[in-house]
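A.B. asks: Mind folding the following:
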Amino acid sequence: MTRINSTASLAIATALLVALTPSWAAAVDPFAASPSGEPKLKLPGINSFSPAGEPPAVPKDARTVRCDAKLTANGPAMQNGISWHVFSAIPGQDGKLQLIAASDGGSHTFRLAPGDYFLNAAFGRATATKRFTVPASGDVPNQELVLDAGGIVLHAVSGSDTKIPDKDLKFSIYTNDVQDDGERGLVMQDVAPNSVVRLNSGTYHVVSTYGSLNAVIRADIQIAAGKLTQATIQHRAARITFKLVSSVGGEAIADTAWSILTASGDIIAENVGAFATMVLSEGNYTAVARNKDKIYQRDFEVKAGRNSDVELLLGRDDANQNQIPQGAASTAAEMASPD
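C.D. replies: Residues are numbered from 1 along each chain as shown. Here you go, the predicted model:
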């Protein structure tokens, strides 16, 4: 199982959480849209089963079993989005449970021979499983599974309210429990912003990554059963574009090699080209540009939500580079780039 080290030295997020209680009687289901990549089957407590093949023939003594799934114990039966699986409770010769029947949708009826079974209902990443018996005679009880599930939609901003392009964001969701080795179990990775993820209720550890370098924020987020939680995570970072120019606001010079160093002198990123654009967390850095046989460097500061250009000038020695004003071009770029 993929894991994450929870002891990593990363900033703790400020998450703005708004829990919205959906109206299940309404025509629009807020959980209807599910992100790609959700598993079709997740069976807690059933670790080994035979893959689906030809469904077994319905025996003559089969009886009708109605199955309902609810998000909460007091909620209505779900009418869509449920994946049903019925397994024999007796392992086969290979030691695996046989898949007897499956269906997708809402409430469903199965025709099953008398005997013992496992019933599983999956709603996205939220699942519930129970064992039940189909009697040979008398009333056949309805089977009800309570998923104790909700949903979450993840967003992020930089600074107080600077929008982050969806393509620059990704989220990973982990269990909240930290094990003895300091790690957490991965629930789902590479979650796209603004997509609905269905999960069993509880607290989850969310890691939000802006760009590909050091702009990483963590937040513990509570998911309530029967509710859709919208969480906005606040990054302390900005997108910076580096240019080597002959004059302030001039054209960027091609064939330039870039190195970006942290305040402690560690190289955090390297790039080659006229422009080098990257997302950096808030803090102080040094930009080093190499062009032909010359090296130029400049200290700069990244402020949360303030996307901007950092220019280095040809012909300036290192001592004077840090005295260069950002210039009209850089200021204009910063003001015109809300994301």
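A.B. asks: Asp293: neighbour count?
C.D. replies: By other C-beta atoms under 10 Å, the residues close to Asp293 number 5. (Each C-beta comes from the backbone N, C-alpha and C, glycine too.)
A.B. asks: Tell me the spacing between it and Ala257.
C.D. replies: The gap separating Asp293 from Ala257 is 12 Å, by C-beta to C-beta, to the nearest Å.
A.B. asks: With Lys243 instead?
C.D. replies: As judged by C-beta to C-beta, Lys243 and Ala257 stand 13 Å apart.
A.B. asks: Those two: which is more packed in?
C.D. replies: Lys243 (25 against 15).
A.B. asks: Return the list of strands paired to the strand or helix carrying that one, each annotated with direction.
C.D. replies: Using DSSP states H and E, Lys243 falls within strand 237-245. Strand 237-245 has these partner strands in its sheet, going by DSSP bridges: strand 275-281 (antiparallel), strand 308-313 (parallel).
A.B. asks: For the helix or strand following that strand, what does the pLDDT average out to?
C.D. replies: Sequence-wise, the next helix or strand downstream of strand 237-245 (DSSP H and E) is strand 257-262. Averaging pLDDT along strand 257-262 yields 97.
A.B. asks: Next: stretch 187-197.
C.D. replies: The average pLDDT for stretch 187-197 rounds to 95.
A.B. asks: One more: stretch 143-153?
C.D. replies: 96.
A.B. asks: That one: end-to-end distance?
C.D. replies: 31 Å (C-alpha to C-alpha, to the nearest Å).
A.B. asks: swap in stretch 289-303?
C.D. replies: Using C-alpha to C-alpha, the two ends of stretch 289-303 sit 21 Å apart.
A.B. asks: Name the residues of it that come out as buried.
C.D. replies: For stretch 289-303, a neighbour-count test (16 or more other C-beta atoms under 10 Å) marks Ala289, Arg290, Asn291, Tyr296, Gln297, Arg298, Phe300, Val302 as buried.
A.B. asks: next one: stretch 274-283
C.D. replies: Going by neighbour count (16+ other C-beta under 10 Å), the buried part of stretch 274-283 is Ala276, Met278, Val279, Leu280, Ser281, Glu282.
A.B. asks: OK, contacts around the closest residue in space to Lys294 that isn't next to it in sequence?
C.D. replies: Leaving aside its chain neighbours, Lys294 sits nearest to Leu314 (7.6 Å; criterion: C-beta to C-beta, 6 or more residues apart in numbering). By C-beta atoms under 8 Å, 6 or more residues apart in numbering, the contact set of Leu314 is Leu244, Val245, Ser246, Ile253, Asn291, Lys294, Tyr296.
A.B. asks: For the stretch 151-300 of the chain, which segments count as strands?
C.D. replies: 162-163, 169-175, 183-191, 196-200, 202-210, 216-223, 228-235, 237-245, 257-262, 267-272, 275-281, 283-291, 294-302 (DSSP state E, counting those that start in this stretch).
A.B. asks: between those, which gets nearest to Ser308?
C.D. replies: strand 237-245 (6.2 Å; C-beta to C-beta).
A.B. asks: in that closest one, what's buried?
C.D. replies: Neighbour-count burial for strand 237-245 flags Ala237, Ala238, Arg239, Ile240, Thr241, Phe242, Lys243, Leu244, Val245 (criterion: 16+ other C-beta under 10 Å).
A.B. asks: I figured the fifth one hits Phe275, correct?
C.D. replies: Yes. Taking contact to mean C-beta atoms under 8 Å, the distance of 5.8 Å between Thr241 and Phe275 places them in contact.
A.B. asks: and the spatially closest residue to Pro141 that is not a sequence neighbour, what element?
C.D. replies: Nearest in space to Pro141, with sequence neighbours left out and distances taken as C-beta to C-beta, 6+ apart, is Phe132 at 7.7 Å. Using DSSP H and E, Phe132 maps to strand 126-134.
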